[in-house]
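In: here's a sequence, model it:
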Amino acid sequence: VLLVLVLLLLRQNLFVMLGSVAAYAYLAFGDGMLANIVIDAWDAANKEVLLSIPLYILAGNIMARGAIAVRLIRLMRAVTAPVPGGLAIATVLSCAVFAAVTGSGTVTLLAVGAVM
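Out: Numbers count the residues shown, from 1 in each chain. The predicted model follows:
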């Protein structure tokens, strides 16, 4: 905490602060060798499951560029039309379904927000 406050007073960038705190914590509580940070970072990033993240975002972007958002909103409007406040409910339901399909809140905001 003291290191963060000192770096804040020195008006350092956020990445400098985070890197300094991480290096200090690694030296104080880790094995004491800074060279192992790269090895530990590679071991953490070298997992097959991490490949799914950019592919999931790509799929969400493809869905956002396509007409799936328009079709989804039309469906939700048809379902909620007789209910008072149907447009608001349709918007929330469309966002919920699209976020579940794409897995990205940003992609949902761009796709559904552009149509609404």
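In: CA atoms for contacts and neighbours, from now on please.
Out: OK.
In: quick one: contacts for the residue nearest to the spatial centre of the chain?
Out: Geometric centre of the chain, nearest residue: residue 104, 6.3 Å, by Cα atoms, centre = their mean. When the contact criterion is Cα atoms under 8 Å, 6 or more residues apart in numbering, the partners of residue 104 are 57, 60.
In: helix, strand or coil for the residue located most distally from the centre of the chain?
Out: The outermost residue of the chain relative to its centre, with distances by Cα atoms, centre = their mean, is residue 82 at 35.0 Å. Under DSSP: H, G, I helix; E, B strand; the rest coil, the three-state class of residue 82 is coil.
In: so how far is residue 92 from it?
Out: Taking Cα to Cα, to the nearest Å as the criterion, residue 82 is separated from residue 92 by 16 Å.
In: dump the residue contacts of the nearest residue to residue 61 once chain neighbours are set aside.
Out: If you skip the residues right next to it in sequence, residue 61 has residue 107 as its closest partner in space, 6.4 Å away by Cα to Cα, 6 or more residues apart in numbering. With contact set as Cα under 8 Å, 6+ apart, residue 107 has these partners: 57, 60, 61, 64, 99.
In: wait, the first one touches residue 103, no?
Out: Same thing as residue 57. Yes - with contact defined as Cα atoms under 8 Å, residue 57 counts as touching residue 103 (7.4 Å).
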